[in-house]
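In: sequence? don't have it. structure:
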């Protein structure tokens, strides 16, 4: 039911590998390695030079021996800057550590206070409302001035920020279903926090720790600027910078070396935290995985020239064809150059008023096909086709303003109704956008009657509400109602029922069938469930590995499936007569793996009927019976019984 | 966060029974509840602030009077200072008289100048407000468009090089200490080019350098956050829905993306306003801007506790009020925050 969903606890990605794949990740890691090396060896190598007083060259400008000049006592500023690396990073690390550890603890304690959590949150907000430099000044005034005391003060002043981050994150995680489930089972809050919350917020905390280091570095040097940080004879970059700034009008270069080090450290940490965030972002991660899954063919696609557009004579094309697609390809750039096709040469026709169901496993290219029809493939995907026509318009020709043709005429209903409506806008606002521009009052009337049409009670009040005030089933009805407002000729319903429970599923399917009957709206219904497709479709298209492997009327395909894959799909659907004692039927094997090069029929490795030819040559989609086509060497022109024999 | 989850509607519920009734019954006007909550918490925060400022002088190691008057002060002088700080009474008595003075807005008298703290604040506050206001305006007007534009240019992994340049530049600026930015600007535009005055607030263009010094860092930080936030909003399904409605790009960005980005950024923006005020305090000292920041730092180094206390309290109150305001704006922009924010 929810095979496509990636909710729930994200699998921990091999983050380091992802990190090393990005240029900024590599640069950040390298920079951090250099900084650590400088902190360890800097004082050993340069300390002596840094402390050598030579009043003869006091306050000198840059020279060969002293590229950044000398300070008031004639000490070399570059050597001092390098040997200050250790203390500067130490102080920043101490402050960041206090802030992160203290903040996480405070945040977790506040999160575990149950109903009293509000109080904890308010307290943390109170601290956050004050500039941390003021809190640090306050603390230093009490604690006294000095390097470590300044670091401690800066660390303490950073605690509220990390406590807030922890609290907000744990709040969003405890709201997730699997955590609620654990709580409902009586798992104590403390265990929930340790087992579910902490691992999930760890990523964000790592990222903000890196950012926190930068903040700490700056805060400590700001205290030095106000005379409350590192006290002589010790020196960190902040103290060196402050001395340099005091003489900035005479020897501006004196401030340069420590300033550059602070800035460089900031850049390195910034690059690193960005790369870490990207490496750990679960959404990006699943997209990467998807992108790799798409590389099933591994073949570089030749640029498909949209040749011979509209070459098919009108006689060949049924006069009532609403959508006519030939040779549709959706390709993505492959790693290492070239392109791989996720949809490889799909032909599809939808007649006006027809319900066409597309079925296939995830990764079969069915959703991409639907998006490609609407020209909604996201960057860097590329759509090419021999023909892509909608209501007689050539949609591949930009001069025909495809967006204008599609506006209103083509509407989409997506899988997850809780995510497809904008949480910040009232329903009427979002619904109005789907309508041609008219008076505001009329738009609301239209929205209300559309909601009524999808059987939502009290529509006058509902249109004034926000999506979060509706249940999942209602939101999906709103999506459908919104789609109706432009008087569409085609509704693309992409897994419209997958995120809903079974009874609501039936209602939504019933609603779609009803709209098809009353308005004559064509529907392209996409699902991985043959049961869903069979309920309301007129025609079925079976997709596998980016290709159409079979298409025909629901009766033909369900009762006399021609392609071995369709047969396996049908056999896998349990019916009332299925032996409940036996294990459920499954299809052995998996679709072509990422990067796998397939020659011939992509289903051959899993196919019980495969012959030698299947592994060598791709079978074309051929007519097996009137209006029933399949792509199979073995079953072509033979009945199921014959083929099995 | 259990309130955030949906009511467990029976399957027939959303078709036949009006679900709005359920919400109204359990959550009688969330706006009223929200208002009461925020008011109560703002009062509590303000009170904690008052206590913290009261404790400041009491937590000092050693004798505050000695710190103020120096080691050569006579016992009479020390006693007078202790009396003015209220240190010659019992702890409860001290707090009582401190609260009494506060309730009459009597903030005491400066040790250094003999002026009342009220007078010092009245003189200096407008200047600080001016600098902070211009800086906030600069920050908002520049960072949000910059961040959005950068997100639009780098969406779905477009223009990777520009993305790296953007995070590099904003990272660089955001990692520069405010006092370094200020000093460099002063050096470049006041000392070398002599385009702008280096100190004071005597002419209209005096504010340019201080305001830039204060706002460059928040601009860079906020632009960065806005970009990341916008990139994540761009990946949301409701943006896919908006695109499928064939809305013009302008509408998608301004109506569908911007409010969600701002709502996602605003919590941070409250904290950033606090940091901006911290920046104002530092920058005022670089450019001799006659505001509260210069007074505060002078007072800290000269142990002029009545002034430190008064200025800290005032800045704290301003920030408490601002944060409450941010909460209200956030609630207006993202109604979910009424029920989901802890």
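Out: Received it, and whenever you're ready, just let me know what you need. Only a predicted model underlies this, so the values are computations on that prediction, with no experimental measurement involved. Numbering: from 1, shown residues only, chains lettered A, B, ... in the order given.

In: what ranges does chain A have for its strands?
Out: Using DSSP state E, the strands of chain A run over residues A:321-333, A:339-351, A:355-359, A:382-384, A:387-390, A:393-394, A:410-413, A:490-494, A:522-527, A:539-544, A:547-553, A:622-625, A:628-630.

In: next up, the contacts around residue A:214.
Out: Residue A:214 makes contact with A:92, A:265-266, A:269-270, B:174-175, according to Cβ atoms under 8 Å, 6 or more residues apart in numbering or on different chains. C-betas here are computed from N, CA, C, even on glycine.

In: among these, which two are most distant?
Out: A:92 and B:174 (15.0 Å; Cβ to Cβ).

In: any idea how far chain B is from residue A:355?
Out: 19 Å (Cβ to the nearest Cβ, to the nearest Å).

In: ditto for residue A:96
Out: From residue A:96 to chain B the distance is 14 Å (Cβ to the nearest Cβ).

In: for that residue, the count of nearby residues, please.
Out: 26 (other Cβ atoms under 10 Å in any protein chain shown).

In: pretty sure residue A:605 sits against residue A:588.
Out: No - at 9.5 Å, residue A:605 does not count as touching residue A:588 under the criterion of Cβ atoms under 8 Å.

In: pull the residues that contact stretch A:225-240.
Out: A:77, A:80-81, A:84-85, A:87-88, A:91, A:137, A:140, A:145-147, A:150, A:217, A:220-224, A:241-242, A:245, A:257-258, A:261-262, B:177, B:179, B:282, B:285, B:297, B:300-301.

In: these two touch, right, residue A:29 and residue A:272?
Out: Yes - Residue A:29 lies in contact with residue A:272 (Cβ under 8 Å); the separation is 6.8 Å.

In: who has more neighbours out of those two?
Out: Set side by side, residue A:29 and residue A:272 show more neighbours around residue A:272, with 24 against 18, by other Cβ under 10 Å.

In: and the more buried one, what is it in contact with?
Out: A:24-25, A:28-29, A:31-32, A:210.

In: try 7 Å this time
Out: Listed by Cβ atoms under 7 Å, 6 or more residues apart in numbering or on different chains, the contact set of residue A:272 reads A:28-29, A:32, A:210.

In: got any ranges where the stretch 351-500 of chain A has weak pLDDT?
Out: For the stretch 351-500 of chain A, the stretches with pLDDT under 70 are A:439.

In: flag every residue of it that's near chain B.
Out: Within the stretch 351-500 of chain A, the positions lying close to chain B (Cβ under 7 Å from any Cβ of the partner chain) are A:374, A:376, A:378-380, A:403, A:406-407, A:411-412, A:414, A:416, A:419-424, A:433-434, A:455, A:457-458, A:461, A:466, A:468-469, A:471, A:473-474.

In: out of the residues you listed, which are buried?
Out: Neighbour-count burial (16 or more other Cβ atoms under 10 Å in any protein chain shown) applied to those gives A:374, A:376, A:406-407, A:411-412, A:414, A:416, A:419-424, A:433-434, A:455, A:457-458, A:461, A:466, A:468-469, A:471, A:473-474.

In: just checking, which helix or strand of the chain averages the lowest pLDDT?
Out: Using chain A. One helix or strand of chain A scores below all others by mean pLDDT, DSSP states H and E: helix A:282-293, with a mean of 40.

In: any idea how far residue B:307 is from residue B:73?
Out: Using Cβ to Cβ, to the nearest Å, residue B:307 is found at 19 Å from residue B:73.

In: the more surrounded of these two?
Out: Set residue B:307 next to residue B:73 and count neighbours by other Cβ under 10 Å: residue B:307 wins out with 27 against 15.

In: host element of the more buried one?
Out: Following DSSP states H and E, one finds residue B:307 within helix B:305-333.

In: ok now that helix, how far from the chain's centre?
Out: Centre-to-centre, helix B:305-333 and its host chain are 7 Å apart (Cα atoms, centre = their mean, to the nearest Å).

In: who are the packing partners of that helix?
Out: When contacts are defined as 3 or more Cβ pairs under 7 Å, 6 or more residues apart in numbering or on different chains; DSSP states H and E, helix B:305-333 packs onto helix B:30-59, helix B:117-154, helix B:258-286, helix B:292-301, helix B:337-340.

In: tabulate the ones you listed (JSON lines), appending mean neighbour count.
Out: Putting the helices and strands packed on helix B:305-333 into JSON lines (neighbours: other Cβ atoms under 10 Å in any protein chain shown) gives the following:
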{"stretch": "helix B:30-59", "mean neighbour count": "16"}
{"stretch": "helix B:117-154", "mean neighbour count": "19"}
{"stretch": "helix B:258-286", "mean neighbour count": "22"}
{"stretch": "helix B:292-301", "mean neighbour count": "22"}
{"stretch": "helix B:337-340", "mean neighbour count": "17"}
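
In: can you redo these as a markdown table with mean pLDDT and distance to residue A:518?
Out: Putting the helices and strands packed on helix B:305-333 into a markdown table (pLDDT from 0 to 100; distance: least, Cβ to Cβ, whole Å) gives the following:
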| stretch | mean pLDDT | distance to residue A:518 |
| --- | --- | --- |
| helix B:30-59 | 81 | 38 |
| helix B:117-154 | 92 | 41 |
| helix B:258-286 | 82 | 35 |
| helix B:292-301 | 84 | 69 |
| helix B:337-340 | 52 | 37 |
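
In: between these, which gets nearest to chain A?
Out: helix B:258-286 (3.0 Å; Cβ to the nearest Cβ).

In: do the closest one and chain A meet at all?
Out: Yes - interface with chain A: helix B:258-286 contributes B:259-260, B:263, B:271, B:274-275, B:277-278, B:281-282 (Cβ under 7 Å from any Cβ).

In: now, the most widely separated pair of the contacts of residue A:272?
Out: Spatial extent of the contacts of residue A:272 (Cβ to Cβ) is set by the pair A:29 and A:210 at 11.5 Å.

In: can you select the buried ones among the contacts of stretch A:225-240 for me in ChimeraX?
Out: Filtering the contacts of stretch A:225-240 down to the buried ones (16+ other Cβ under 10 Å) takes a single ChimeraX command:
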select /A:77,80,81,84,85,87,88,91,137,140,145,146,147,150,217,220,221,222,223,224,241,242,245,257,258,261,262 /B:177,179,282,285,297,300
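
In: now, the contacts of stretch A:225-240 that are in helices?
Out: A:77, A:80-81, A:85, A:87-88, A:91, A:137, A:140, A:147, A:150, A:217, A:220-224, A:241-242, A:245, A:257-258, A:261-262, B:179, B:282, B:285, B:297, B:300-301 (DSSP state H).

In: what score does the residue of chain A found nearest chain B have for pLDDT?
Out: With Cβ to the nearest Cβ, the shortest gap between chain A and chain B falls at residue A:266, namely 1.9 Å. The score at residue A:266 is 78. That number is its pLDDT.

In: and for the one 4 residues further on?
Out: In the predicted model, residue A:270 carries a pLDDT score of 73.

In: now the one 5 residues further on
Out: With respect to pLDDT, residue A:275 has a value of 71.

In: re the thing from before, can you redo the contacts of residue A:214 as CSV with neighbour count and distance to residue B:231?
Out: Formatted as CSV, the contacts of residue A:214 follow (neighbours: other Cβ atoms under 10 Å in any protein chain shown; distance: Cβ to Cβ, whole Å):
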residue, neighbour count, distance to residue B:231
A:92, 29, 28
A:265, 24, 25
A:266, 23, 22
A:269, 25, 20
A:270, 26, 16
B:174, 24, 18
B:175, 25, 21
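
In: how about these in JSON lines, adding distance to residue B:187?
Out: Output for the contacts of residue A:214, formatted as JSON lines (distance: Cβ to Cβ, whole Å):
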{"residue": "A:92", "distance to residue B:187": "26"}
{"residue": "A:265", "distance to residue B:187": "22"}
{"residue": "A:266", "distance to residue B:187": "20"}
{"residue": "A:269", "distance to residue B:187": "26"}
{"residue": "A:270", "distance to residue B:187": "25"}
{"residue": "B:174", "distance to residue B:187": "20"}
{"residue": "B:175", "distance to residue B:187": "19"}
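
In: with that, I have no additional questions.
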